[in-house]
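Trainee: give me a model of this one.
(2 chains)
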Amino acid sequence: MAMTLSQKRQTFSVVRYAILTVWLCIVAFPMFWMVGTSFKPDREWFSWPPVYITENPTLRNYAIVWANINEYTKADGAHIDPKTGELSQYTQSLQRPWTALRNSSIIAGLATTLAVFFGSILAYGVSRHQILSEGRMFQLLMLRMVPPIVLIAPISLWYRQIGLLDTITGLVILYFLTSLPYAVWMSKSFIDEVPREMEQAAEILGASRWRTIWEVVLPLVRSGLVATFLFILILTWSEYLLALLLSKADVLTLPVELSKYQGSTEGRVYGRQAALSVGITIPLVFVGLIIRKHLARGFSFGMVRR
Amino acid sequence: MSRIELKNLRKEYGSTVAVNNLNLTIEDGEFIVLVGPSGCGKTTTLRMIAGFEDPTSGQIELDGKIVNDLEPRDRDLGMVFQSHALFPHKNVADNIVFGLRMQNASKETQLQKLHEVSELVRISHLLTKMPGQCSGGESQRIALARTLVTEPSNFLLDEPLSSLDAKLRRELRAECDRLHAELQKTFVYVTHDQEEAMTLADRIVVMDLGEIVQMGSPIDIYSDPVSYFVADFFGNPAMNLIEGEFVKEGDSIEFRSESFTVPVPEEYKNMTPGKGTFGIRPENVNVSSSNGDSSRKIGLVEPLGKDTLLYFETAATRPFVAIVDGTEKHSSGEPVELTFPDKNMFLFDSNGDRIRS
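Mentor: Residues are numbered from 1 along each chain as shown, chains lettered A, B, ... in the order given. You can find the predicted model right below:
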């Protein structure tokens, strides 16, 4: 039976929302599982059939991970060494989540700020004065295509020699450099959106170059730079490989800390891991909330109203 | 006192020449319009005066002082852009006082001037709005106000009305004219619209392919075009231009094309025969009732009220147009005779140059 045009549109819109809903579930499920697991008591981590929403919510995972509280009783016998009666290894405060949180905040925050600051300045030069040719811009992006693993060996050798191995500075520099290409490319796309004529209008009205950038360009690309900032922050915040291999004991970051809850001889302690993961995620969510009014504009690119 | 002089101005982009050896003196208080098809170099010329483009060679002088190396902000200019280029993140009032703030004018001065100019261009009711909430016409008034507020000696306007619809364009055109009369400042106005050029200019500079083709008052340009290009560019509906050949017939010369045969007036008798173009403006075509042989059938009849346009099919792609008084009754298919007064004929040679008697 033939549908009228408005029926067709309605059907299309229903189908579209159905697909988006399914997609949202797929994307959101791991998050749901992470948060759910973090509140589950030990026996429910891998129980079958799986427990979707626990009936015995507990904060113990959080307490153990974040507050170093070990309140094991005999009921949790699985985690008491049967021979010695001592707590098993992974619960013995080897983990230092707060140190890791501090390190991650400094490293990711600093590297991202530097990358966005210098990246946007470079991007302005490229957008307005072609200081890098198109070819150079692609070469810049190509730097990101190099698998980090091939860089590890030379970088750790250099870092050892110049004393940057296992230092915060070392990781900041490395993260700054590896995210610079993204920063340049993303912020360039926002700066390109600001019409030249707007800057020229300011200039001919008597504004100096810096004043023009400060009063005209910056307010118009702010949302874009904020989006760039968050994008790079997420990358550096969750970077694992370089952090693992270039730091040993001193400079522990959150993703590395997370790995310590895995693969220990006692099996995987998913609840603790989930509690830590939630802790790792919260700062990003928090940053996202603070800057949310910029994000919708920033991530939709074609943003400047002409 | 402000006088803009362009001397041997040239601009190349790679291997293309955008402006070629341009010489032009713009007098104080003059309203000059640079007009031509897109790519003719008019905007490039304006942007060189503004200081946004560096000339490849040649000089730009303001009041006898060479300004080639001065920044745009040091040239005592105001500019209105085609895109208006309002700052979307500042409200209308902040847009307007921007130039004053850059000059570190006091708050009182800013406020006073803001009210002066916003009354001058009639936008006092818009001051607290954001540019995004204003219509195209309002935006252009705001852009004008923003430029006026710093009282520059020269105003550069780069196709300021081309993004507006026809009615607004007429309205703002009158506004430009009024402002020029009130301010007595120099206006350099770029447009591709011949009508704007005709109505606004004290002097029109017609450009094509980076060069000045003709300069003069609107009436001069209209009544005495130097070439096919200029003749074709000015006038609406455009001049009838018929390609054909000038042939010597004994003592006199005759113009012949597939559709028309016209005896060339006596005063042209010394011209060289050959290929060329015959031109006559639609309003100079005399339409009379047919008396047999030389009659033509009217194609389309387009009554415009005051006038009526009559279209005639010809061998060329462009129909031949005649304007008659709106009170005359004509109908499609009616046979009429067309005659052309000698004094209104324009003859062009095969290079498009005007043939003079």
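Trainee: can you report how many residues neighbour B:His330?
Mentor: A total of 15 residues lie near B:His330 under the criterion other C-beta atoms under 10 Å in any protein chain shown. Just so you know, the C-beta spots here come from the backbone N, C-alpha and C atoms, and that holds for glycine as well.
Trainee: kindly report the same for the one 3 residues further on.
Mentor: Using other C-beta under 10 Å as the criterion, B:Gly333 is surrounded by 9 other residues.
Trainee: and it, backbone torsions?
Mentor: phi 90, psi -10 (degrees, to the nearest 10).
Trainee: ramachandran angles for the residue nearest to it when sequence neighbours are not counted?
Mentor: Nearest residue to B:Gly333, sequence neighbours excluded (C-beta to C-beta, 6 or more residues apart in numbering or on different chains): B:Lys297, at 5.5 Å. The phi and psi values for B:Lys297, taken as degrees, to the nearest 10, are phi -90, psi 130.
Trainee: need the contact list for B:Lys297.
Mentor: Applying C-beta atoms under 8 Å, 6 or more residues apart in numbering or on different chains to B:Lys297 gives the contacts B:312-313, B:333-335.
Trainee: next, find the distance separating it from chain A.
Mentor: 46 Å (C-beta to the nearest C-beta, to the nearest Å).
Trainee: ok, back up a step: Produce a PyMOL select command limited to the buried residues of the contacts of B:Lys297.
Mentor: Burial among those is assessed by 16 or more other C-beta atoms under 10 Å in any protein chain shown; the matching PyMOL selection reads:
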select buried, chain B and resi 312+334
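Trainee: test for you: state the pLDDT assigned to the residue nearest to B:Gly333.
Mentor: At B:Lys297, the predicted lDDT confidence score is 87.
Trainee: next: B:Gly29.
Mentor: pLDDT at B:Gly29 comes out at 93.
Trainee: for the closest residue to A:Ser208 other than its chain neighbours, grab phi and psi.
Mentor: Counting by C-beta to C-beta, 6+ apart, A:Ser208 lies nearest to B:Arg73, which is 7.7 Å off, once chain neighbours are set aside. Dihedral pair for B:Arg73: phi -70, psi -10, per degrees, to the nearest 10.
Trainee: from memory B:Arg73 sits against A:Gly206, does it?
Mentor: Yes: B:Arg73 lies in contact with A:Gly206 (C-beta atoms under 8 Å); the separation is 4.6 Å.
Trainee: which neighbours do these two have in common?
Mentor: Counting by C-beta under 8 Å, 6+ apart, the residues touching both B:Arg73 and A:Gly206 are B:Met102.
Trainee: low-confidence ranges, the chain, go.
Mentor: You didn't say which chain, so I picked chain A. A:1, A:68-95, A:262-268, A:298-306 (pLDDT under 70).
Trainee: actually chain B
Mentor: For chain B (pLDDT under 70), the answer is B:1, B:291-294.
Trainee: around chain A, which positions in it sit nearby?
Mentor: Counting by C-beta under 8 Å from any C-beta of the partner chain, the positions of chain B adjacent to chain A are B:50-52, B:71-73, B:75, B:77-79, B:81-83, B:85-89, B:98-99, B:102-103, B:131-132, B:143, B:146-147, B:150.
Trainee: and the buried ones among the residues you listed, selectable in PyMOL?
Mentor: Selection of buried members from the residues of chain B next to chain A for PyMOL, criterion 16+ other C-beta under 10 Å:
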select buried, chain B and resi 50+51+52+72+73+75+77+78+79+81+82+83+85+86+87+88+89+98+99+102+131+143+146+147+150
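Trainee: number of nearby residues for B:Pro37?
Mentor: 12.
Trainee: hang on, isn't it packed against B:Val206?
Mentor: No: with contacts defined as C-beta under 8 Å, B:Pro37 does not count as touching B:Val206, sitting 10.1 Å away.
Trainee: all helices for the chain, in order.
Mentor: Reading this off chain A. A:5-38, A:60-67, A:97-129, A:134-142, A:148-162, A:168-193, A:196-204, A:209-212, A:218-237, A:241-246, A:254-259, A:270-290, A:292-299 (DSSP state H).
Trainee: hmm, no, I was thinking of chain B.
Mentor: Using DSSP H, helices in chain B cover B:42-50, B:92-102, B:107-120, B:136-148, B:166-183, B:194-200, B:218-223, B:228-233.
Trainee: dump those helices to a markdown table, plus distance to B:Phe255.
Mentor: Putting the helices of chain B into a markdown table (distance: least, C-beta to C-beta, whole Å) gives the following:
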| stretch | distance to B:Phe255 |
| --- | --- |
| helix B:42-50 | 33 |
| helix B:92-102 | 57 |
| helix B:107-120 | 53 |
| helix B:136-148 | 46 |
| helix B:166-183 | 36 |
| helix B:194-200 | 26 |
| helix B:218-223 | 21 |
| helix B:228-233 | 14 |
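Trainee: so for B:Pro341, which of those sits nearest?
Mentor: helix B:218-223 (13.4 Å; C-beta to C-beta).
Trainee: and chain A, which residues reach chain B?
Mentor: A:195, A:197-198, A:200-208, A:211, A:215-216, A:219-220, A:304-306.
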